[in-house]
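1. have a look at this prediction, sequence included:
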Amino acid sequence: MNDFCAVLPAPTFAIGVRCDDASIREIVYLPPSAALKPLCAPAREAVRQLAAYLADPRFKFSLPLAPAGTPFQRRVWQAIAAIPAGQTQSYGALAQVLGSGARAVGQACGANPYPLVIPCHRVVAAGGALGGFAHRRGGFLLDVKRWLLAHEGARF
């Protein structure tokens, strides 16, 4: 855990934050683990805002995120960020809006370095099935996706 600037315990998982002195570089889901107090100002703000989301899933993030991703990935992430809490959208529907394919949208979702802030958990397979999460089709991360959607009151 020495490469994280902070680790915030959540109900069934933990959230790790990597940052530099000015911005958040990555947010990752971790198996349940001990907290790591924030080591810098961006990490303190990230922990504050992540804790606010855990208390209220309608919380709106305003973190200083380091630039990341390809132009296509940034377009996908912008579309994902527009999905309101408690709602979902399918990979295919996002692909239609973006003039792309569902698999390309899924790959961009999996490459998202800022989950929760860019809520890729709100993107599901056709017919409301969960689909994958962070390039995985099962296991721990899919359980995190289920918890996040339930926390937001989404039907899936």
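-> All right, it came through fine. These numbers were taken from a predicted model, which means no experiment stands behind them. Numbering: from 1, shown residues only.
2. break this structure into its domains for me.
-> With automatic domain parsing as the criterion, the domains of the chain are listed as 6-55, 71-152.
3. hey, least reliable of those by pLDDT?
-> By mean pLDDT, the lowest-scoring of the domains of the chain turns out to be domain 71-152, with a mean of 91.
4. between the two ends of it, how far is it?
-> Counting by Cα to Cα, to the nearest Å, you get 29 Å between the two ends of domain 71-152.
5. chain center to it, what's the gap?
-> Per Cα atoms, centre = their mean, to the nearest Å, the displacement of domain 71-152 from the mean C-alpha position of its chain is 9 Å.
6. what does stretch 6-20 give?
-> Relative to the mean C-alpha coordinate of its chain, stretch 6-20 is positioned 12 Å out (Cα atoms, centre = their mean).
7. where do the helices of the protein begin and end?
-> 41-55, 71-81, 91-98, 102-110, 140-152 (DSSP state H).
8. packing partners for the second one?
-> Under the contact criterion of 3 or more Cβ pairs under 8 Å, 6 or more residues apart in numbering; DSSP states H and E, helix 71-81 touches helix 91-98, helix 102-110. All C-beta atoms are positioned from the backbone trio N, CA, C, and that covers glycine.
9. about what we covered before: and of the helices of the chain, who's closest to Thr12?
-> Shortest distance between Thr12 and the helices of the chain, using Cβ to Cβ, is found for helix 140-152: 5.4 Å.
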